[in-house]
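J.: Below are the sequence and a predicted model; questions follow.
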Amino acid sequence: QVQLVESGGGLVQAGGSLRLSCAVSGRTFSTDFMGWFRQAPGKDREFVAVISVSTVYAGYVKGRFTISRDNAKNTVYLQMNSLNPEDTAVYYCAAATRTGSYDYTRGYNYDYWGQGTQVTVSS
């Protein structure tokens, strides 16, 4: 059974930093595309970042967030710096097992999801 478990969320002041982790069990994910998405209250889920052998970021986090992975630990990370209240959301990690010409900024191309971790940024 594949499981993705996020951790590292919490409450932080504007300008602060958090590092999210997503531990994957039940499969070897070294060839998977691993993504982070977020959903704020009353808003649709939105793409944050994805990593395979390269990385792609949403414009609203580029330069502030960094996605990385440790294949030996089956873990993907999201380092978030210069946080602002608009970053407040539940953050989800996801794994896409299919490779090819897919749009990995779209959640429907992902096969497995974590339960989410809350990030709250106070002003």
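T.: Sure, I can see it. This one's a predicted model, so the numbers in the text were calculated from it and none came from an experiment.
J.: Backbone dihedrals for Lys73, both of them.
T.: As for Lys73, its main-chain torsions (degrees, to the nearest 10) stand at phi -100, psi 0.
J.: burial of it, as a residue count?
T.: 11 (other CB atoms under 10 Å). Yep, even glycine has a C-beta here, placed from its N, CA and C like the rest.
J.: go on, Val121?
T.: By other CB under 10 Å, the residues close to Val121 number 20.
J.: One more: Cys93?
T.: Should you count by other CB under 10 Å, Cys93 turns out to have 29 residues around it.
J.: which residues pair with it across the strands?
T.: Beta bridges link Cys93 to Trp36, judged by DSSP bridges.
J.: residues in contact with it?
T.: Applying CB atoms under 8 Å, 6 or more residues apart in numbering, we find Cys93 in contact with Leu4, Glu6, Leu20, Cys22, Met34, Gly35, Trp36, Phe37, Val76, Leu78, Trp113, Gly114.
J.: could the residues you listed be laid out in JSON lines, adding distance to Tyr102 and secondary structure?
T.: Formatted as JSON lines, those follow (distance: CB to CB, whole Å; DSSP: H, G, I helix; E, B strand; the rest coil):
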{"residue": "Leu4", "distance to Tyr102": "19", "secondary structure": "strand"}
{"residue": "Glu6", "distance to Tyr102": "22", "secondary structure": "strand"}
{"residue": "Leu20", "distance to Tyr102": "23", "secondary structure": "strand"}
{"residue": "Cys22", "distance to Tyr102": "20", "secondary structure": "strand"}
{"residue": "Met34", "distance to Tyr102": "14", "secondary structure": "strand"}
{"residue": "Gly35", "distance to Tyr102": "11", "secondary structure": "strand"}
{"residue": "Trp36", "distance to Tyr102": "17", "secondary structure": "strand"}
{"residue": "Phe37", "distance to Tyr102": "15", "secondary structure": "strand"}
{"residue": "Val76", "distance to Tyr102": "18", "secondary structure": "strand"}
{"residue": "Leu78", "distance to Tyr102": "21", "secondary structure": "strand"}
{"residue": "Trp113", "distance to Tyr102": "16", "secondary structure": "strand"}
{"residue": "Gly114", "distance to Tyr102": "20", "secondary structure": "coil"}
